[in-house]
Structure formats: C-alpha cells, structure tokens
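Trainee: Pasted the sequence and its predicted model underneath.
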Amino acid sequence: MTVRRVTKHGERVLKTPCPPLDYEALKAELPALLKDMWATMAAARGVGLAAPQVGLNLRLAVIDVKPEGKPQRLVLINPEIVSLDGEQKEEEGCLSLPGVYARLARAARVRVRALGEDGRPWEMTGTGLLARAFQHELDHLDGKLFVDRLSFEDKLKVLDAVKAAKPNWD
C-alpha cells in the first residue's frame with residue numbers, strides 16, 4: 001500500500017474525461033490500486049478520491065463519507081448518475097485544490113449506478129454529503145473540478161484563493 005501524490009489544479013489529467021474502464025483488463029491490478037487510493041484518501045483526510053487525482057485516466061473513484069462515524073467504503077467503477085433531485089448549497093473543497101473552498105449548489109439526492117470492486121453492478125441513493133461526493137467524484141471522471149461549476153464572479157474569487165494557496169502545494 002502506497003500513499004500516492006495527489007494531482008493538483010492545472011495538471012492535464014484533471015481536465016481529461018476518462019473513458020469507460022475495462023474491468024476484466026484491470027481486475028488483477030485493482031486490489032493494489034484500491035489499497036493505494038484508500039491510503040491516499042485517508043492521508044489527505046478526504047471523503048472521496050477519483051483515479052485522475054492520483055494521475056490515472058481511469059473511470060474509477062472511491063468514497064467514504066463515514067455515515068454515523070462508521071466506514072462505508074464505496075468503489076465506483078464506470079459510475080453514472082441515474083437521477084438527481086432537490087438542491088443543497090454547501091461549501092465544497094477538493095484534494096486537488098488544497099486550501100480552496102467555495103459554496104456550490106449541487107443536487108440534494110443522487111442515485112448512482114456503478115460496478116463495485118468485484119465487478120458486479122450496484123445502485124445507491126445518496127443524500128447530503130454522500131450526494132455531494134457522488135457528484136464531485138463523477139465530475140473528476142468527466143474532466144471537471146468543482147470550481148468549473150462556479151459562476152464567473154465566484155471563479156474570480158476562487159482564483160485569488162488558488163494563487164494564495166498554490167505556493168503551499170507539494
């Protein structure tokens with residue numbers, strides 16, 4: 001298990017949409033890759049991590065929002081959003097933009113379909129932080145960062161925060 005370097009804003013892999021992942025082709029490497037992703041996410045104190053954030057153009061993400069303080073590790077391979085409902089507006093951050101936060105409207109209830117670590121399909125509905133995490137990580141797989149969803153005015157404010165935070169990034 002290795003803690004990998006988290007890619008930062010401005011790196012090309014974060015803006016590149018991920019093609020569908022061939023589960024059978026990755027099956028042998030998947031356990032080690034997932035261990036690295038879980039370790040990286042934990043070290044960075046995140047609730048989600050997408051493969052592009054560790055430099056890989058794979059349609060793969062992991063999420064654990066720890067509902068009620070208990071781990072609930074979700075592996076999302078080739079995830080897709082099935083439905084969106086309602087709205088929540090909360091502060092959001094990203095491991096690829098350390099120290100940068102902004103309030104962002106997202107759906108309050110999200111249903112996602114994906115393959116799990118075992119290659120079997122699953123579906124789940126998330127609300128609150130889980131709904132936000134589903135949307136945030138799927139954005140990464142589509143080559144988007146949360147700041148891409150901000151209004152022009154809010155992007156200008158975030159740009160100042162990025163310039164201030166960037167010298168502290170590794």
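Mentor: Right, received. Where do you want to start? Residues are numbered from 1 along each chain as shown.
Trainee: Give me the contacts around stretch 132-140.
Mentor: Stretch 132-140 is contacted by residues 14, 47-50, 52-53, 61, 63, 65, 76, 79-81, 88, 90, 92, 94, 96, 106-107, 110, 112, 126, 145-146, 148-149 when judged by C-beta atoms under 8 Å, 6 or more residues apart in numbering. Every C-beta, even on glycine, is put in place using the N, C-alpha and C of the backbone.
Trainee: Check which residues of that stretch are buried.
Mentor: Applying a neighbour-count criterion of 16 or more other C-beta atoms under 10 Å, one finds Arg132, Ala133, Phe134, Gln135, His136, Glu137, Leu138, Asp139, His140 buried in stretch 132-140.
Trainee: ditto for stretch 52-67
Mentor: 52-54, 56-65.
Trainee: Need the three-state assignment for Val147.
Mentor: With DSSP: H, G, I helix; E, B strand; the rest coil as the basis, the three-state label of Val147 is helix.
Trainee: Quick check: the gap between the closest residue to it other than its chain neighbours and Gly143.
Mentor: Sequence neighbours aside, Val158 is the residue nearest to Val147 in space, at 5.2 Å (criterion: C-beta to C-beta, 6 or more residues apart in numbering). Distance, Val158 to Gly143, by C-beta to C-beta, to the nearest Å: 18 Å.
Trainee: neighbour-wise, which of those two wins?
Mentor: Val158 (20 against 16; other C-beta atoms under 10 Å).
Trainee: Quick check, that one in contact with Leu150.
Mentor: Yes: between Val158 and Leu150 there is a contact at 6.3 Å, judged by C-beta atoms under 8 Å.
Trainee: for the chain, longest strand please?
Mentor: Ranked by number of residues, the top strand in the chain under DSSP state E is strand 74-85.
Trainee: what's next to that one, contact-wise?
Mentor: Outside strand 74-85, the residues touching it (C-beta under 8 Å, 6+ apart) are 20-21, 23, 34, 59-64, 107-117, 119, 123-124, 134-135, 137-138, 141.
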